[in-house]
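1. Quick one: sequence and predicted model below, then my questions.
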Amino acid sequence: MLTAKVLITLKKSILDPQGNTIKRALNSMGYPEVADVRQGKMMEVKLNDMAREKAVAIVDEMCQKLLANPVIEEYSFELVED
C-alpha cells in the first residue's frame, strides 16, 4: 500500500490573510524572528498497491481535478510505502 502525502499552499502571488494573522500573533508572542507565514493544507491519501509511476500519475490527476485549486494554489506530494 502507498500513502500520498499532499501539501497544498497558496501561490506566492496570492495574498494569505490567515498567514499574516498567524505571523502577527507569533511576533506579538515574543517571536520577532518570524518574517513570514504561509498557511496551507496537508492530506494523506491511501492507495491500493500499484506501480509507483501509476500512483504518481493518479495523485497528480487528483490534485489537479479536486484536491487543489490550480488557479490560486500549488501542490506537491510524496509517495511513502506503508
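-> Everything's here; your move. Numbers count the residues shown, from 1 in each chain.
2. CA atoms for contacts and neighbours, from now on please.
-> OK.
3. So in that sheet, which strands flank the strand or helix carrying residue 7, and in what orientation?
-> Assigned by DSSP states H and E, residue 7 falls within strand 2-10. As defined by DSSP bridges, the strand partners of strand 2-10 come to strand 40-47 (antiparallel), strand 73-81 (antiparallel).
4. Please state the offset of it from the chain centre?
-> 5 Å (Cα atoms, centre = their mean, to the nearest Å).
5. So what touches it?
-> By Cα atoms under 8 Å, 6 or more residues apart in numbering, the residues outside strand 2-10 that reach it are 16, 38-49, 59, 68, 72-82.
6. Need the CA coordinates for it. PDB is fine.
-> Output of strand 2-10 as PDB, limited to C-alpha atoms (Å, rounded to 0.1, in the frame of the first residue of the first chain):
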ATOM      1  CA  LEU A   2       1.200   3.500  -0.800                       C
ATOM      2  CA  THR A   3       0.400   6.800   1.000                       C
ATOM      3  CA  ALA A   4       0.500  10.000  -0.900                       C
ATOM      4  CA  LYS A   5       1.300  13.000   1.400                       C
ATOM      5  CA  VAL A   6       0.000  16.000  -0.400                       C
ATOM      6  CA  LEU A   7       0.900  19.600   0.600                       C
ATOM      7  CA  ILE A   8      -1.200  22.400  -0.800                       C
ATOM      8  CA  THR A   9      -0.300  26.100  -0.400                       C
ATOM      9  CA  LEU A  10      -1.500  29.400  -1.900                       C
END
